[in-house]
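# for reference, the sequence and a predicted model appear below.
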Amino acid sequence: MNITLQPIQADDLAFICDVYNYYIKNSTATFHTEHVGIEEIKTIVPYNHHKYETFIIKNKEGKNCGYAYLGYYKPRQAYDRTAEVTIYLKPELSGKGYGKEALDLIETIAKTKDIKVLLGVITAENEASVRVFEKCEYEKCAHFKQVGEKFGKILDVVIYEKILEAV
């Protein structure tokens with residue numbers, strides 16, 4: 001394993017903002033279109049929650065590579081067995097295996113939190129993320145057409161699902 005996941009601390013929020021703001025400005029990976037600050041990022045990533053957590057992805061040298069989190073799929077009790085998984089890497093680290101490793105680790109963490117199903121909600125044109133989820137044996141379970149618009153492009157959203165513990 002080349003990475004570890006460490007629960008975020010308050011001083012990690014600026015790093016998370018920097019990474020996320022890169023993707024806001026330069027990609028369709030997020031549908032935010034305006035820069036976000038620390039107070040807003042606290043409403044986007046789970047912060048100080050016992051079940052849904054955000055982690056800093058660190059390499060062997062202890063350097064920050066990105067962040068990952070388990071978030072609510074829907075904030076209703078019947079959905080407590082399901083979580084949305086999100087991973088953002090520093091752009092220069094994309095395609096180097098960090099995303100797959102982070103996804104493998106977060107699946108292990110999800111199981112300890114009694115999460116049975118993970119969902120990845122991805123912009124359909126985000127081929128790198130689609131590849132990572134497919135490599136990790138997630139199945140495409142939904143395709144929402146023309147639901148977003150950014151940079152003058154009409155965008156689809158796909159959802160990938162992995163059942164961690166079948167009934």
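Ah, there it is.
# from now on I want contacts and neighbour counts done on CA atoms only, so please keep to that.
Will do.
# OK, contacts around Tyr69?
Neighbour list for Tyr69: Val45, Pro46, Tyr52, Glu53, Thr54, Phe55, Val85, Thr86, Ile87, Ile106 [criterion: CA atoms under 8 Å, 6 or more residues apart in numbering].
# please redo it, this time with the cut-off set to 6 Å
Residues in contact with Tyr69 (CA atoms under 6 Å, 6 or more residues apart in numbering) are Glu53, Thr54, Phe55, Val85, Thr86.
# by neighbour count, which of the residues you listed wins?
When neighbours are taken as other CA atoms under 10 Å, the top entry among the contacts of Tyr69 is Thr54 (26 neighbours).
# quickly list what the nearest residue to that one once chain neighbours are set aside is bridged to.
The shortest distance from Thr54 to any non-neighbouring residue, by CA to CA, 6 or more residues apart in numbering, is to Tyr69 (4.1 Å). Tyr69 forms beta bridges with Thr54, Thr86, as assigned by DSSP bridges.
# any idea how far Tyr69 lies from Lys145?
Distance, Tyr69 to Lys145, using CA to CA, to the nearest Å: 25 Å.
# now do the strands in this structure.
Ranges of strands within the chain are 3-7, 54-59, 64-72, 82-89, 117-123, 139-150, 153-163, based on DSSP state E.
# I'd like these as TSV, with distance to Asp18 and mean pLDDT appended.
Formatted as TSV, those follow (distance: least, CA to CA, whole Å; pLDDT from 0 to 100):
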stretch	distance to Asp18	mean pLDDT
strand 3-7	18	96
strand 54-59	13	97
strand 64-72	10	97
strand 82-89	11	98
strand 117-123	20	98
strand 139-150	20	98
strand 153-163	24	98
